[in-house]
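Student: build me a model:
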Amino acid sequence: MTIKPKVAIITPGSFPIPSKRSSSVETVIEKLTHVLQNKIDFTIFGKSSKKLPNRESRGNINYIRISKRSWSSYAHKIARELQLRKHDVIQVENRPKFVPIIRQYVKDTKIILSLHSITYISTSHIPKTVLNNCLEKADFILVNSHFLKDFLIHHTTFPSEKILVNHLGVDTNRFCSKWINQESKMVISLKKQHKLEGKNILLYVGRLRKIKGVHKILRSFPKIRELVPGTVLIIAGSAYIGSEKNTRYVESLHQLASDLGEDVRFMSFIPHDQIHSWFAAADVVLVPSIGKEAFGLVNVEAMACGVPVIATNIGGIPEIIEHGKTGYLVSTETMETEIIHYVNKLLSNPEWLKEMGENCVQHVKNRFTWDKSGEHIFTIYTRDIL
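Tutor: Numbering: from 1, shown residues only. Down below sits the predicted model:
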């Protein structure tokens with residue numbers, strides 16, 4: 001009988017896992033462990049919650065939930081737990097500062113630092129010398145894009161040959177082509193509920209932060225509405241995950257939309273298990289980031305539903321979108337003008353919109369499924385690391 005590798009995964013502790021209200025980090029962990037649970041013996045460490053037991057098993061995945069007063073105490077508590085059982089790999093998710101703490105307690109186990117963005121490795125968050133000291137305690141770094149690998153190579157001293165790329169995926173059973181079953185009951189119901197029947201729908205999904213560039217869409221929208229009457233813009237998200245608390249930036253977005261009436265709709269945070277219905281209802285998805293996105297799950301989730309994406313040509317996004325085939329890549333400098341041009345091009349040509357949408361579905365199936373991502377990380381665990 002084949003002995004399954006034992007892998008411990010340490011979540012950042014920002015949200016309980018599993019949870020309907022969490023960040024993309026927890027979503028990625030849930031999807032990959034679910035795909036690999038029959039091949040890997042997983043233990044997931046996460047934040048405790050009144051709604052979840054401190055210890056439980058779901059399928060073949062074990063969960064240990066730890067109370068969190070501070071990030072340091074959380075990491076130390078998990079490290080002490082790790083001493084009680086032997087693991088082949090310990091994977092720390094997106095928190096470089098956890099790595100030296102874990103290393104204090106487990107001297108010989110392979111430690112992977114899995115990075116999802118540049119946020120926690122940027123100088124605004126951690127001094128360069130401290131970051132390099134943290135990275136030295138890891139055996140490998142796992143990243144979700146070649147952009148993120150290149151960033152590490154140019155900004156840290158970590159060996160490039162120990163930085164491993166694994167693109168993320170999408171659940172193609174849930175995020176499935178709108179072109180196979182056009183105007184499904186789910187989409188018809190959603191449009192009726194929100195009075196969107198007969199409308200062209202532009203969709204933004206994500207955090208409402210300046211770095212996400214939502215204001216760029218709003219500045220483009222009056223001209224889009226003029227060129228393609230009957231178009232509405234749906235902005236789905238909030239400043240903080242799981243909270244509707246406003247910020248000055250959110251207030252500025254509402255001010256930009258104040259003269260646009262019902263053609264701009266602000267939706268509150270939509271749980272991940274419901275967002276596929278909005279993608280299926282949309283005609284075009286907009287990803288106007290002005291910060292360097294490492295990957296961006298929203299891109300592949302929209303494409304899996306057969307929806308072209310117009311996104312900025314920065315970070316890891318060009319690794320996902322094929323310009324002119326599955327969407328359009330725009331410059332941050334000329335974004336507003338280019339969004340107007342490409343939205344008009346797509347909405348004015350339904351046949352081209354459908355062809356591009358079908359290209360999106362095939363592109364995702366070929367490259368960006370959780371099964372493919374899981375197969376690759378299994379190879380990393382069993383061949384490159386153990």
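Student: the helices in the stretch 51-200 of the chain, which residues?
Tutor: With DSSP state H, counting those that start in this stretch, the ranges of helices along the stretch 51-200 of the chain come out as 71-82, 98-105, 128-136, 146-155, 185-193.
Student: so what touches the fourth one?
Tutor: Which is helix 146-155. If you take Cβ atoms under 8 Å, 6 or more residues apart in numbering as the criterion, helix 146-155 is touched by 115, 117-118, 121, 128, 141, 143, 158, 160, 163, 165, 292, 294-295, 315-316, 319. Backbone N, C-alpha and C define where each C-beta goes, glycine included.
Student: cool, and the shortest one?
Tutor: Contacts to helix 98-105, defined as Cβ under 8 Å, 6+ apart, come from residues 10, 71-72, 75-76, 78-80, 82-83, 90, 92, 111, 113, 133-135, 137-138.
Student: using CSV, write out every CA atom in stretch 342-357.
Tutor: The C-alpha trace of stretch 342-357 is given here as CSV (Å, rounded to 0.1, in the frame of the first residue of the first chain):
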residue,chain,number,x,y,z
TYR,A,342,-12.8,47.3,-26.2
VAL,A,343,-16.2,47.3,-24.4
ASN,A,344,-17.8,49.0,-27.4
LYS,A,345,-16.1,46.5,-29.8
LEU,A,346,-17.4,43.5,-27.8
LEU,A,347,-20.9,44.7,-27.1
SER,A,348,-21.5,46.0,-30.6
ASN,A,349,-20.6,42.6,-32.1
PRO,A,350,-22.5,39.8,-30.3
GLU,A,351,-21.0,37.1,-32.6
TRP,A,352,-17.4,38.2,-31.7
LEU,A,353,-18.4,38.4,-28.0
LYS,A,354,-19.6,34.7,-28.2
GLU,A,355,-16.6,33.5,-30.1
MET,A,356,-14.2,35.1,-27.6
GLY,A,357,-16.3,33.7,-24.7
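Student: out of the contacts of helix 98-105, which end up buried?
Tutor: 10, 75-76, 78-79, 82, 90, 92, 111, 113, 133-135, 137-138 (16 or more other Cβ atoms under 10 Å).
Student: and of the residues you listed, the nearest to K4?
Tutor: Of all the buried ones among the contacts of helix 98-105, I90 has the smallest distance to K4: 15.7 Å, by Cβ to Cβ.
Student: can you select the buried ones from the contacts of helix 146-155 in PyMOL?
Tutor: This is how PyMOL selects the buried members of the contacts of helix 146-155, with burial counted by 16+ other Cβ under 10 Å:
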select buried, resi 115+117+118+121+141+143+158+163+165+292+294+295+315+316+319
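Student: can you pull the contacts of F175?
Tutor: Taking Cβ under 8 Å, 6+ apart as the test, what F175 contacts is H276, F279, E301, A304, C305.
Student: cool, L196 as well?
Tutor: L190, V232, A281.
Student: can I get these in JSON lines including pLDDT, distance to P18 and neighbour count?
Tutor: What follows is the contacts of L196, written out as JSON lines (pLDDT from 0 to 100; distance: Cβ to Cβ, whole Å; neighbours: other Cβ atoms under 10 Å):
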{"residue": "L190", "pLDDT": "90", "distance to P18": "24", "neighbour count": "17"}
{"residue": "V232", "pLDDT": "98", "distance to P18": "33", "neighbour count": "21"}
{"residue": "A281", "pLDDT": "94", "distance to P18": "26", "neighbour count": "24"}
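Student: got the residues you listed as TSV, with distance to N359 columns?
Tutor: Shown next, in TSV, are those (distance: Cβ to Cβ, whole Å):
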residue	distance to N359
L190	24
V232	25
A281	20
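Student: the helices of the stretch 51-200 of the chain: which one's closest to S19?
Tutor: Closest to S19 of the helices of the stretch 51-200 of the chain is helix 71-82 (Cβ to Cβ; 16.4 Å).
Student: and the angle for that closest one with helix 98-105?
Tutor: Relative orientation of helix 71-82 versus helix 98-105 (axes from the mean of the first three to the mean of the last three Cα atoms, to 10 degrees): 40 degrees.
Student: what's helix 71-82 packed up against?
Tutor: strand 6-10, strand 41-47, strand 61-66, helix 98-105 (3 or more Cβ pairs under 8 Å, 6 or more residues apart in numbering; DSSP states H and E).
Student: if we go to 10 Å?
Tutor: Contacts defined by 3 or more Cβ pairs under 10 Å, 6 or more residues apart in numbering; DSSP states H and E place helix 71-82 against strand 6-10, strand 41-47, strand 61-66, strand 89-93, helix 98-105.
Student: who's in contact with it?
Tutor: Helix 71-82 is contacted from outside by 8, 10-14, 43, 45-48, 64, 66-70, 90, 92, 95, 97-106, 109, using Cβ atoms under 10 Å, 6 or more residues apart in numbering.
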